[in-house]
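# Turn this into a model:
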Amino acid sequence: MIEEEQKRRRETPADAVAREAARQLVAPLLDKRGEWQLAAAKLEVMAMRPVRPGQGQSEAGDKAREVLAAVQAEAAAFEAQLEAVPGDVRTHSRVTDARKVLAMLIARFERLIGK
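Below you'll find the model as predicted:
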């Protein structure tokens, strides 16, 4: 009887397993999120500066396209990873939030390049 009780205490509930799997899945994206947000903020400031005659905003646009491509590639890779995980991990709030963050970042960079 005591052994069964100890075993039950050591067992991890299914929701804790899903939570940890979701955390591990989104961790790489969260690490990059700050870098992408900083790049977006810098590019937004660059875009607000007045353009001098003969000088375009191509530098900001080029950088925005570059970061947008990276974010889109990460989003596609993330979605591909999700196909291989259990449903409770796929629908976990951490995963849902990560998808929202990626969508917001993509929209932000698309606005910067005028898409």
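# Could you use CA atoms for every contact and neighbour count after this?
OK.
# what sits up against the helix or strand harbouring Leu105?
Assigned by DSSP states H and E, Leu105 belongs to helix 93-113. The contact list for helix 93-113 (Cα atoms under 8 Å, 6 or more residues apart in numbering) reads 19, 22-23, 25-26, 29-30, 36-37, 40, 43-44, 47, 61, 64-65, 67-68, 71-72, 75, 89-90.
# now do stretch 73-80
Leu29, Arg99, Leu102.
# Let's see that with 7 Å instead.
For stretch 73-80, the surrounding residues in contact (Cα atoms under 7 Å, 6 or more residues apart in numbering) are Leu102.
# Give me the three-state assignment for Thr12.
What DSSP: H, G, I helix; E, B strand; the rest coil gives for Thr12 is coil.
# okay, it: pLDDT?
Among the per-residue scores, Thr12 holds a pLDDT of 71.
# For it, the count of nearby residues, please.
10 (other Cα atoms under 10 Å).
# Many thanks, we can stop here.
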